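*Asks:* How does the following fold in three dimensions:
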Amino acid sequence: MARPRVAIIGAGMAGLAAGRALVDAGFAVQLFDKGRAPGGRLSWRRGEAASFDHGAQYVRAKNEAFAIYLEAAERAGCAARWPEAEAARGDGRPAYVGLPGMSGLVGPIGRGLDVASATQVGDASRSDDGWRLADAHGAGLGRFDALVVAIPAPQALGLFEGHPLADPLRDAAYAPCWTAMFAFGQGVELPQIERDDDGPLAWVAHDGGKPGRGGAATLVVQAGPDWSASNLERSREEVAADMLAALRARHPALPAPAQVDAHRWRFAQVIRAIGAPCVVEADAGLAFCGDYCLGPRVEAAFDSGRAAGSALARLLG
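*Replies:* Numbering: from 1, shown residues only. Modelled structure (predicted):
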């Protein structure tokens, strides 16, 4: 008898965790992700001259399951502790970064999973024989016995517009974040870590000073939620220029950077979670998961994805 086939929309930490739980339970799993590589906000932008962690800057664990995962990732050479971040937080909890970039953190959990990257799911329809998916151009992506939706709640609601199955997701809320990336010439003295509550310089870090980055003269600057929201629809060039001006006002000795870029995260941080590990519709063979279920941490996405995968595995039997 053929194994039930499960589709997962989204290959960030939540989708990968769901996929791992389902594959380990013996199911055939296909993940779809619109990005160029798995990881979601555990992102690493590689350029010709410099590379940057332009999403999550580091991760920490509150609970045992994620702590065990991070320790295993470190042993596998996919993660390392970042002493400067631990010192900045000052509470004694380990802070991990991925190797060689933040996307390395999903290496262990994603190993062996089948991910169709650069594939945006544009339609998901339920019929008597299961779920049928199509991409954004209408091309069919296959039929599946069950479906996990592991993308930000607003995107999931857009895909299931008007469908009552997705109603619980309406309670989730996010804050955006603008990230600016600057590369300087070698030998430039850079700040290590600076934190603020909001404004254009809520987070400033010597990205090249992280473990495994070789000391490159690169800075990642992230704006706070209010500033990001106020400037959300401006161009990358305008935002990067304003963030650079604020940075050089704080550090007048900084020269002009050799490389400048910016990235807008519309759904960067959960500010209101729905308060459940996942949402499962048993009759439809459907599960929703993501950090919006539990809170604003990569660990929340990990826990939510595991919960969704385990719930569907029990359901499919």
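
*Asks:* mind saving the C-alpha coords of stretch 56-73 as PDB?
*Replies:* C-alpha atoms of stretch 56-73 as PDB (Å, rounded to 0.1, in the frame of the first residue of the first chain):
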ATOM      1  CA  ALA A  56      17.400  36.300  12.300                       C
ATOM      2  CA  GLN A  57      20.700  37.200  13.900                       C
ATOM      3  CA  TYR A  58      21.000  34.300  16.300                       C
ATOM      4  CA  VAL A  59      18.800  31.800  18.100                       C
ATOM      5  CA  ARG A  60      18.400  30.700  21.700                       C
ATOM      6  CA  ALA A  61      16.500  27.900  23.300                       C
ATOM      7  CA  LYS A  62      14.100  28.100  26.300                       C
ATOM      8  CA  ASN A  63      12.900  24.500  26.200                       C
ATOM      9  CA  GLU A  64      14.700  21.200  26.100                       C
ATOM     10  CA  ALA A  65      13.700  20.000  22.600                       C
ATOM     11  CA  PHE A  66      15.200  23.000  20.800                       C
ATOM     12  CA  ALA A  67      18.200  23.100  23.100                       C
ATOM     13  CA  ILE A  68      18.900  19.500  22.100                       C
ATOM     14  CA  TYR A  69      18.500  20.400  18.500                       C
ATOM     15  CA  LEU A  70      20.900  23.300  18.700                       C
ATOM     16  CA  GLU A  71      23.500  21.200  20.500                       C
ATOM     17  CA  ALA A  72      23.300  18.600  17.900                       C
ATOM     18  CA  ALA A  73      23.600  21.200  15.100                       C
END
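
*Asks:* starting at the chain centroid, how far to that stretch?
*Replies:* 14 Å (C-alpha atoms, centre = their mean, to the nearest Å).

*Asks:* Check stretch 118-138 too.
*Replies:* 23 Å.

*Asks:* First-to-last residue distance for it?
*Replies:* 15 Å (C-alpha to C-alpha, to the nearest Å).

*Asks:* Just the buried residues of that stretch, please?
*Replies:* 119, 121-122, 124, 126, 130-133, 135 (16 or more other C-beta atoms under 10 Å). Any C-beta I mention is one placed from the backbone N, CA and C, and that applies to glycine too.

*Asks:* now do stretch 275-292
*Replies:* Neighbour counts over stretch 275-292 (16+ other C-beta under 10 Å) mark 277-281, 285-292 as buried.

*Asks:* Using PDB, write out every CA atom in the helix or strand containing residue 182.
*Replies:* Using DSSP states H and E, residue 182 falls within strand 173-183. Extracted as PDB, the C-alpha positions of strand 173-183 are listed here (Å, rounded to 0.1, in the frame of the first residue of the first chain):
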ATOM      1  CA  ALA A 173      -0.300  39.900  14.300                       C
ATOM      2  CA  TYR A 174       3.300  40.800  13.200                       C
ATOM      3  CA  ALA A 175       5.700  43.700  13.200                       C
ATOM      4  CA  PRO A 176       7.900  44.400  10.200                       C
ATOM      5  CA  CYS A 177      11.700  44.900  10.100                       C
ATOM      6  CA  TRP A 178      14.000  46.700   7.700                       C
ATOM      7  CA  THR A 179      17.500  45.200   7.500                       C
ATOM      8  CA  ALA A 180      20.400  47.100   6.000                       C
ATOM      9  CA  MET A 181      23.700  45.500   5.100                       C
ATOM     10  CA  PHE A 182      27.000  47.400   4.700                       C
ATOM     11  CA  ALA A 183      30.500  46.100   3.600                       C
END
